[in-house]
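Chemist: quick one, fold the following:
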Amino acid sequence: MLVQIIDSILPIFIIIFVGWLTGYLKIVGENAHKTCAKIVTVYVFPALLFMQTATARPEQIFDLRWMSAFLVSIAIIWAICFSASIFIFKESKKNSVMQAMINTFTDMGGMGIPFFMSIIGSTALISVAKANFVISLTLIPLTIFLLELYSGSRESKKGIILYALSQSLKKPMFLAVVFGAIISILHVYTMIPKPITDSIDHASKACVFMSLFTVGLALYGIRLHLSKMFVFNIIMKSLISGFIAWGIVILFGITGDSAKELVYLVAMPTATIATIFALQWRAIPDEATSLYLVSTVLSIITLPMWMFLLG
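Modeler: Numbers count the residues shown, from 1 in each chain. Model prediction:
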């Protein structure tokens, strides 16, 4: 079984290393990771999510029990991290929101999709679409709302809520899932001109390499910032989060690949977009980038561990 795990997961980290090495050797400019990340989040990742949802059965997409379990999992993690930041580390509410964000928002695109494609297969990508849908409706708008609120915004709470929702719901990744789900419900995928679906499919096939390469490229140049908060974050993100999700899937009676996919998604390293939030809002940016770096590197150990535990 160990050989099978290594064979499945090693190609993922080889491509990440190629991305890091590309940055190290200065083959591309220092801002290349931003361009690559934009290509992945605006074109490649949405194309893949659209293809998977548009061709899936509606009952696969609208799995309310799975989506509820995922929401409960990230809500528990969010509450633990926010409370720890306030009461243990004595951080401001703004910084505490960001600490909760970086521990909750996992790298579904950069690591999740390639991992699922390698370990389970393309059918598992429906879980990525469902998780992305949940996060776009809850975690992202909540984070933007609270950051605006605790930054002293002069907007009314209603205005902040509308702004937060608009920022989240207009993202291509969310729109791709929505349009794909509508096409699935209406059973009109075969009515779309083949050149269009073929073009989207070609774009989606670049997802695995582009995502992993971008992760590696983004890792280059990050400086490690050690602190008590960092130690807490890395234990929470790389170890405890997965066990929380495991407990929730048992509680909700979710079994099989669906259960594994939920645990894997929650146990993934911190997402790049979480570090971008931290830098944009000037809220614990050092802790965010350090967690992104170390949780990604540690996933060489943690993801095989979860593969072994979940069978």
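Chemist: give the contact list for the residue lying closest to residue 60 once chain neighbours are set aside.
Modeler: Of all residues not flanking residue 60 in the chain, residue 126 sits nearest, at 5.2 Å (CB to CB, 6 or more residues apart in numbering). C-beta: built from backbone N, CA, C; applies to glycine. The contact partners of residue 126, by CB atoms under 8 Å, 6 or more residues apart in numbering, come to 52, 53, 56, 60, 61.
Chemist: repeat the analysis, applying 10 Å as the threshold.
Modeler: Contacts for residue 126 were tallied using CB atoms under 10 Å, 6 or more residues apart in numbering; they are 49, 52-53, 55-57, 60-61, 63, 66, 116, 177, 180, 258, 261.
Chemist: that one belongs to a helix?
Modeler: Yes. Counting by DSSP: H, G, I helix; E, B strand; the rest coil, residue 126 is found in a helix.
Chemist: distance of it relative to residue 289?
Modeler: Separation of residue 126 from residue 289 (CB to CB, to the nearest Å): 31 Å.
Chemist: any stretches of the stretch 151-300 of the chain with poor pLDDT?
Modeler: Along the stretch 151-300 of the chain, the model assigns pLDDT under 70 to residues 153-154.
Chemist: how does it look with 90?
Modeler: By pLDDT under 90, the weakly predicted segments of the stretch 151-300 of the chain are 151-171, 173, 207-208, 221-225, 272-282.
Chemist: returning to what we had before: from the contacts of residue 126, pick the one nearest residue 212.
Modeler: Nearest to residue 212 among the contacts of residue 126, counting by CB to CB, is residue 116 at 12.6 Å.
Chemist: is it correct that that closest one is in contact with residue 127?
Modeler: Yes. Between residue 116 and residue 127 there is a contact under CB atoms under 10 Å: 7.4 Å.
Chemist: need the overlap of contacts for those two.
Modeler: Common neighbours of residue 116 and residue 127 are listed as 108, 257, 260, 261, 264, 265 (criterion: CB under 10 Å, 6+ apart).
Chemist: got the contact list for the third one?
Modeler: Just to be clear, that refers to residue 260. 116, 119-120, 124, 127, 246, 249, 254, 306-307, 309-311.
Chemist: the residues you listed, buried ones only, as a PyMOL selection?
Modeler: Buried residues among the contacts of residue 260 (16 or more other CB atoms under 10 Å), as a PyMOL selection:
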select buried, resi 116+119+120+124+127+246+249+254+306+307+310
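Chemist: good, we can wrap up now.
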